[in-house]
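J.: One predicted model, sequence on top.
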Amino acid sequence: MATEPAVLALLDAYQNAINTKDARAVVACYTHDVVAYDLAPPLSQKADIVRDPTHVQEWFDSWEGPLESAAQETRLRVGADIAFVFSLRRMRGIKKTGQKVELWFRSTTICTRQAGEWKICHIHNSTPFAMDGSGKALLDLKP
């Protein structure tokens, strides 16, 4: 399989796993040493947490019904064994509390090819914050 289509296939599988709330399929997309800098604390999540389907399922279980995650403005930089993916992502759904969530955030995903197979080795998701001294996350921005 050509390099760029293989990376895109991995990203599609990852997005589909999130949208269908399939925790085992999500963690199957990661390398054994994956590190995540995600929206929720802590600042850094090590592989033992990121690769734990129980941890992922707990997050999925906090959502009522479907969860939608979609990328826009995706840019891909692919080398022989490493790929960098930059995008804006929209996530939306309804929390079990009834709270409707829709937010856009920045996402960088780094993939590596190991033994001929592409996997995600790093994810960095972030939201901008107000530079007025309040430190509030700006969750209402749209591309």
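T.: Good, I have the coordinates.
J.: for Asp132, helix, strand, or coil?
T.: Taken by DSSP: H, G, I helix; E, B strand; the rest coil, the conformation at Asp132 corresponds to coil.
J.: and it, how far is that from Leu138?
T.: 10 Å (CB to CB, to the nearest Å). For the C-beta atoms, the positions are set from N, CA and C on the backbone; glycine is no exception.
J.: How many residues are close by the residue nearest to Ala137 when sequence neighbours are not counted?
T.: Counting by CB to CB, 6 or more residues apart in numbering, Ala137 lies nearest to Thr127, which is 4.7 Å off, once chain neighbours are set aside. When neighbours are counted by other CB atoms under 10 Å, Thr127 registers 14.
J.: Distance of Thr127 relative to Gly116?
T.: With the distance defined as CB to CB, Thr127 ends up 35 Å from Gly116.
J.: likewise Leu39?
T.: When distances are taken as CB to CB, Leu39 and Gly116 turn out to be 32 Å apart.
J.: now do Leu141
T.: Look at Leu141 and Gly116: by CB to CB, they are 39 Å apart.
J.: cool, His124 as well?
T.: Computed with CB to CB, the distance linking His124 and Gly116 is 25 Å.
J.: So for those two, which residue has more residues nearby?
T.: For His124 versus Gly116, neighbours defined as other CB under 10 Å are more numerous around His124 (15 against 8).
J.: Confirm that the more buried one sits in a helix.
T.: No - applying three-state DSSP, one finds His124 to be strand, outside a helix.
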